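1. okay, here's the prediction I keep looking at, along with the sequence it came from:
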Amino acid sequence: MFSNSITYTPDISGLSALGRGKIGLVFVHLMPSKLTTHWQSLGKNEQLELQGRKLHRYLRDCVLPFSPHYQKIFAEHGLTAHDIRSVSDLTKIPYTRKDDLLSAPDAPRKALDFLLKPDPAVLAKRPGVILRSLLQGRARERDRLDREWRPIFMTSTTGRSTEPVAFLYTQHDIKNLGIGSGRVADLGGRNPEDRMLNMFPFAPHLAFWYMYYAGIQNNIFALATGGGKVMGTEGNLRAIQKIRPTALAAMPTFIYHVLTQAVEEKLQLPGIRAILLGGEKVAEGTRRKLADLCAQVGSPGVQVVATYGFTEAKLAWSECPFTPGHKPPGYHLYPDMGIMEVIDPENGTVQPEGRGGEIVWTPLEARGTVVLRYRTGDFIENGITYEPCECCGRRMPRLMGKISRVSDFRSMRFQKVKGTVIDFNELEHVLDDVRGVGSWQIELRKANDDPLEIDEIVLHLSRTGDSTEAGLTTAISHLLQAHFEIRPNRIHFHAEEAMRELQKVGVLIKEQKLVDNRPAAQAAPYQPRSMPTDQKLQTTRP
Ligand SMILES: [Zn+2]
């Protein structure tokens, strides 16, 4: 797969060739940069300038000497690291897409082309390596290089419609996971007494391991339950009662079911201060529901914090805590660890500050697997802002507004149902925000299960509070008609327990909120106005 036995022998003989000025420069390079020490307090211009310089050094010293893929791409475009000296120079580098990492018959291990494979002979001649060898000994420097460059860990993409792609980490990347998650804890006001219950599923996925290293590297007591598939909702509830965590980390749908069950069982779970969500988008309605449920089990005033991350970044970012009901303060990015661009997904041009578009990622610290200008397929509603955060006052780039994650739902995102193209990301946000709806599932069917018949939408849901079936049916029908020009053919109301079964809580790693039960999963051929709004809407309770 990759060499497990790189032997680095620092070439001390090269030192005599260095002048005194160069040694001074080496010391400067060994110090953490201002971008790292002041990541949350620099103004936009200074931030961009320092990022541009770091980008140049990163390409020159880490990526281009050792990345087979980018050596080829840069050569094809007649580029070298000297051509990239500012953030705006990034536009010279072509985008990397998900497909670029997928294996093909002629390239069976494509993702490995993106792995940095350092040449020991090149490293041994570097002034920093030579100097550290002199100061700290060759053996120690050899070990440091090994930890920086040799992959020892991986997570992978979930890959619903394509094969999963592995992203390899070195110790250097794992240290950055800890730094990133430590910043999440700092934004939330960390406390040595914090105890965390990590309810993300055991899997080689970023969300679980980010929270795992958040506990280990930030010295916080944490228990990982493995989520629903390992311990069920019941087992997770027992763990909360035993550990009495101050923070719960989980996917939104799963933690909703855990807390709902706690309310059903009339349990008291005092002391929860924060819920950290990841792995799925978080609608405003979801925050409200989770905070309400916590209040019902004896933990009022809970902060519900969403995180956004993706495999390819080997990082995740969070909001700072804010009072539910206010405008979310956006995801606080780390300018020293990578550059986010927001682009027009149609023509690929970079959007100005504050304009929505597709999120594009370039790392500045990664080793192991590295992608440059990676098109995430995720859409951020209001783009990036560099203004100081209204909530915490920190200055760093922030991603503002809703994120629609195409990657999870690629084949489902724009689905033709009843001849109308529906954006399911938007549909999910709308359903999550309806007051009185607990959990829900959209089921796509064919009328009479006949592949030639028209598509049907069946909505399964549970009620909360004092909402009525008739009231919800009318409200949802009007809402979907207004937003999407569709109406569900049927709405089935269920108890929460039945919803847990429908969503396969405790069975699947990720709960099912959208199920396509159409034979052969084919959408109906396009028929203009094929969706009669006077179609009879049935409401049933099975
Ligand atoms: Zn903030």
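-> Noted; the coordinates are in hand.

2. what sits against Ile444?
-> No Ile there; residue 444 is Leu. Contacts for Leu444 (C-beta atoms under 8 Å, 6 or more residues apart in numbering) come out as 415, 417, 455-458, 514-518. (C-beta placed from N, C-alpha, C; glycine too.)

3. nearest to the ion among the residues you listed?
-> Distance ranking of the contacts of Leu444 against the ion, using C-beta to the ion, places Leu514 first at 32.2 Å.

4. please work out how many residues are found near the closest one.
-> A count of nearby residues for Leu514, using other C-beta atoms under 10 Å, gives 15.

5. next: Asp292.
-> With other C-beta under 10 Å as criterion, Asp292 counts 16.

6. state the distance from it to Leu269.
-> Distance of Asp292 to Leu269, computed by C-beta to C-beta, to the nearest Å: 14 Å.

7. now swap in Pro300 and tell me
-> 12 Å.

8. can you list residues touching both of these two?
-> Joint contacts of Pro300 and Leu269 (C-beta under 8 Å, 6+ apart) are Cys294.

9. pick out whichever of these two has more residues nearby.
-> Leu269 (21 against 12).

10. how about the helix or strand containing Leu480 as PDB, C-alpha atoms only?
-> Following DSSP states H and E, one finds Leu480 within helix 469-484. This file holds the C-alpha atoms of helix 469-484, laid out as PDB (Å, rounded to 0.1, in the frame of the first residue of the first chain):
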ATOM      1  CA  GLU A 469     -53.300  15.200  13.100                       C
ATOM      2  CA  ALA A 470     -55.800  17.300  11.100                       C
ATOM      3  CA  GLY A 471     -53.900  20.500  11.900                       C
ATOM      4  CA  LEU A 472     -50.600  19.100  10.900                       C
ATOM      5  CA  THR A 473     -52.000  17.500   7.700                       C
ATOM      6  CA  THR A 474     -53.300  20.900   6.500                       C
ATOM      7  CA  ALA A 475     -50.200  22.800   7.600                       C
ATOM      8  CA  ILE A 476     -47.800  20.400   5.900                       C
ATOM      9  CA  SER A 477     -49.800  20.100   2.700                       C
ATOM     10  CA  HIS A 478     -50.000  23.900   2.300                       C
ATOM     11  CA  LEU A 479     -46.300  24.200   3.100                       C
ATOM     12  CA  LEU A 480     -45.100  21.600   0.500                       C
ATOM     13  CA  GLN A 481     -47.500  23.000  -2.100                       C
ATOM     14  CA  ALA A 482     -46.100  26.500  -1.600                       C
ATOM     15  CA  HIS A 483     -42.400  25.500  -1.500                       C
ATOM     16  CA  PHE A 484     -42.300  22.500  -3.900                       C
END
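
11. helices or strands next to that helix in the packing?
-> strand 420-423, helix 424-432, strand 455-463, strand 490-493, strand 538-540 (3 or more C-beta pairs under 8 Å, 6 or more residues apart in numbering; DSSP states H and E).

12. pull out the buried residues from that helix.
-> Going by neighbour count (16 or more other C-beta atoms under 10 Å), the buried part of helix 469-484 is 472-473, 476-477, 480, 484.

13. could I get those residues as TSV with pLDDT and distance to the ion?
-> Output for the buried residues of helix 469-484, formatted as TSV (pLDDT from 0 to 100; distance: C-beta to the ion, whole Å):
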residue	pLDDT	distance to the ion
Leu472	91	35
Thr473	92	40
Ile476	90	34
Ser477	89	39
Leu480	87	34
Phe484	81	33
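
14. ok, so of the residues you listed, who is nearest Tyr70?
-> Tyr70 lies nearest to Phe484 out of the buried residues of helix 469-484, by C-beta to C-beta, at 42.0 Å.

15. which strand residues bridge the residue lying closest to the closest one once chain neighbours are set aside?
-> What sits nearest to Phe484 in space, not counting adjacent residues and going by C-beta to C-beta, 6 or more residues apart in numbering, is Ile422, at 5.5 Å. According to DSSP bridges, the residues that bridge with Ile422 are Gln415.

16. and for Ile422, the neighbour number?
-> 22.

17. picking that back up, reformat the buried residues of helix 469-484 as JSON lines; add distance to Leu508.
-> Below are the buried residues of helix 469-484 laid out as JSON lines (distance: C-beta to C-beta, whole Å):
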{"residue": "Leu472", "distance to Leu508": "26"}
{"residue": "Thr473", "distance to Leu508": "28"}
{"residue": "Ile476", "distance to Leu508": "25"}
{"residue": "Ser477", "distance to Leu508": "29"}
{"residue": "Leu480", "distance to Leu508": "26"}
{"residue": "Phe484", "distance to Leu508": "26"}
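
18. okay, and the beta partners of the nearest residue to Ile380 once chain neighbours are set aside?
-> The shortest distance from Ile380 to any non-neighbouring residue, by C-beta to C-beta, 6+ apart, is to Leu399 (5.0 Å). Leu399 has these beta-bridge partners by DSSP bridges: Tyr331, Ile384.

19. quick check: closest non-adjacent residue to the closest residue to the ion within the stretch 151-300 of the chain.
-> Using C-beta to the ion, the closest approach of the stretch 151-300 of the chain to the ion is made by Leu187 at 6.7 Å. Distances taken as C-beta to C-beta, 6+ apart put Cys320 closest to Leu187, at 4.5 Å, once the chain neighbours are dropped.

20. host element of that neighbour?
-> Per DSSP H and E, there is no helix or strand for Cys320.

21. and the residue nearest to Ile380, how many neighbours?
-> 22.

22. for the helix or strand where His172 lies, packing partners?
-> Per DSSP H and E, His172 falls inside helix 171-187. Applying 3+ C-beta pairs under 8 Å, 6+ apart, one finds that helix 171-187 contacts helix 138-149, helix 206-217, strand 303-310, strand 315-318.

23. centre of the chain to it, how far?
-> Centroid separation between helix 171-187 and its chain, computed with C-alpha atoms, centre = their mean, to the nearest Å, is 14 Å.

24. since that was my last question, I'll sign off now.
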